[in-house]
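1. Provided below for reference: sequence and predicted model.
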Amino acid sequence: MNIIVCLKQTFDTEAKVVLDKNGKVDPAGVTLVINPDDEYAVEEAIRLKEKFGGEVIVVAVGNDRTPEAIRTALAMGADKAALIDDPAMAEADCQGIAEVLAKYISTLNYDIILIGKDDVDTNSCQIGVRLAEVLNIPSANMVTKLEIDGTKITTVREIDGGKETLELSLPAVIAAQQGLNEPRYPSVPGIMKAKKKELKKLKLADLGIDPSDIGSEILIENITLPIARQAARMIPGEAAQAASELARILSIEEKVL
């Protein structure tokens, strides 16, 4: 089975985000990691390879720091990778990224494409479904369980108020999320092997894409940090007295009662 994983590098969710003078997130000094949902995709791909054989190919759109995340996926057990690194992609929206990924993936022989259902920096939940649309293959999002039998794949995905079972035919795009598996940690031998595994680097021109055709239909006017939370307010006194004071604060000062 030939398995493709689409991977994105994002900020560590524990990192302190700082905006530069242009109002953009400053990456200096920030730890970058595999997008958390993409880790589930990588893990599931490796498990499928262990069960059915074949190979796992990681494909990413990124920059000169993205190999850090790709090498982690290779250390986990992926076989090889490709990085599409082109300055024009810095301004691309979800549709542009999906089209570029599809352009490269269409040159490969694949049975299934795995991707995280969301990315923690934009929270778009868009790449997987858009990629499937461009490739004209079925997709399932927010998947927490999957089983493959021949060319049929059965998935369980979360929906509002419950779960839904979907049956799809391969090839398909599966967007993974927490609950599908527990990602493994790269082993020391895996880390050493990852340094020797193929990491192909591509520009848009290598894919026959004119960089001037890459743009965005989304205009971001401003980025701001959340308002800092105020420190907790302690109300002294006995329980009855404190409860009375709390009611007064909520009613008169905060006007929420």
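-> Perfect, thanks for sending it.
2. For stretch 138-153, buried residues please.
-> By neighbour count with 16 or more other CB atoms under 10 Å, stretch 138-153 contains the buried residues 138-144, 146, 148, 153. Heads up, the C-betas are built off the backbone N, CA and C, glycines and all.
3. which residues touch it?
-> With contact meaning CB atoms under 8 Å, 6 or more residues apart in numbering, stretch 138-153 is reached by 1, 44, 48, 52, 112, 117, 125, 128-129, 131-133, 154-159, 163, 166-170, 172-180.
4. average pLDDT for that stretch?
-> The average pLDDT for stretch 138-153 rounds to 95.
5. going forward can the numbers begin at 541, since that is how I track them
-> Understood, numbering begins at 541; the last thing we discussed is stretch 678-693.
6. Just the CA atoms of it, as PDB, please.
-> The C-alpha trace of stretch 678-693 is given here as PDB (Å, rounded to 0.1, in the frame of the first residue of the first chain):
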ATOM      1  CA  PRO A 678     -13.700  10.900  -1.800                       C
ATOM      2  CA  SER A 679     -12.800  12.200   1.600                       C
ATOM      3  CA  ALA A 680     -13.700  11.900   5.300                       C
ATOM      4  CA  ASN A 681     -12.900  14.500   7.900                       C
ATOM      5  CA  MET A 682     -12.500  14.400  11.700                       C
ATOM      6  CA  VAL A 683     -11.800  10.600  11.600                       C
ATOM      7  CA  THR A 684     -11.200   8.700  14.800                       C
ATOM      8  CA  LYS A 685     -11.200   5.200  13.400                       C
ATOM      9  CA  LEU A 686     -10.500   3.600  10.100                       C
ATOM     10  CA  GLU A 687     -10.400   0.000   8.700                       C
ATOM     11  CA  ILE A 688      -9.300  -1.000   5.200                       C
ATOM     12  CA  ASP A 689     -10.600  -4.100   3.400                       C
ATOM     13  CA  GLY A 690      -9.300  -4.400  -0.100                       C
ATOM     14  CA  THR A 691     -10.300  -1.200  -1.900                       C
ATOM     15  CA  LYS A 692     -13.000  -0.300   0.700                       C
ATOM     16  CA  ILE A 693     -12.300   1.900   3.700                       C
END
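7. Please, which helix or strand holds the closest residue to Ile574 other than its chain neighbours?
-> In this structure, Ile574 finds its nearest non-sequential neighbour in Ala609, 4.6 Å apart by CB to CB, 6 or more residues apart in numbering. Element membership for Ala609 (DSSP states H and E) is helix 607-616.
8. What residues does Glu698 make contact with?
-> Contact analysis of Glu698 by CB under 8 Å, 6+ apart lists 682, 684, 704, 717, 719.
9. Please apply the same query to Val660.
-> By CB under 8 Å, 6+ apart, the contact set of Val660 is 550-551, 553, 575-577.
10. hmm, 10 Å instead?
-> Val660 makes contact with 548, 550-553, 573, 575-578, according to CB atoms under 10 Å, 6 or more residues apart in numbering.
11. Scan these and report the most crowded one.
-> Highest neighbour count within those, by other CB atoms under 10 Å: Asp578, with 30 neighbours.
12. can I assume that one sits in a strand?
-> No. Per DSSP: H, G, I helix; E, B strand; the rest coil, Asp578 lies outside any strand segment and is helix.
13. was I right about it contacting Thr606?
-> No. Using CB atoms under 10 Å, Asp578 is not in contact with Thr606; the gap is 11.8 Å.
14. so what sits against both of these two?
-> Both Asp578 and Thr606 are contacted by 547-549, 600, under the criterion CB under 10 Å, 6+ apart.
15. Separate out the buried members of the contacts of stretch 678-693.
-> Buried residues within the contacts of stretch 678-693, defined by neighbour count using 16+ other CB under 10 Å: 541, 584, 588, 652, 657, 665, 668-669, 671-672, 695-698, 706, 708, 710, 712-718, 720.
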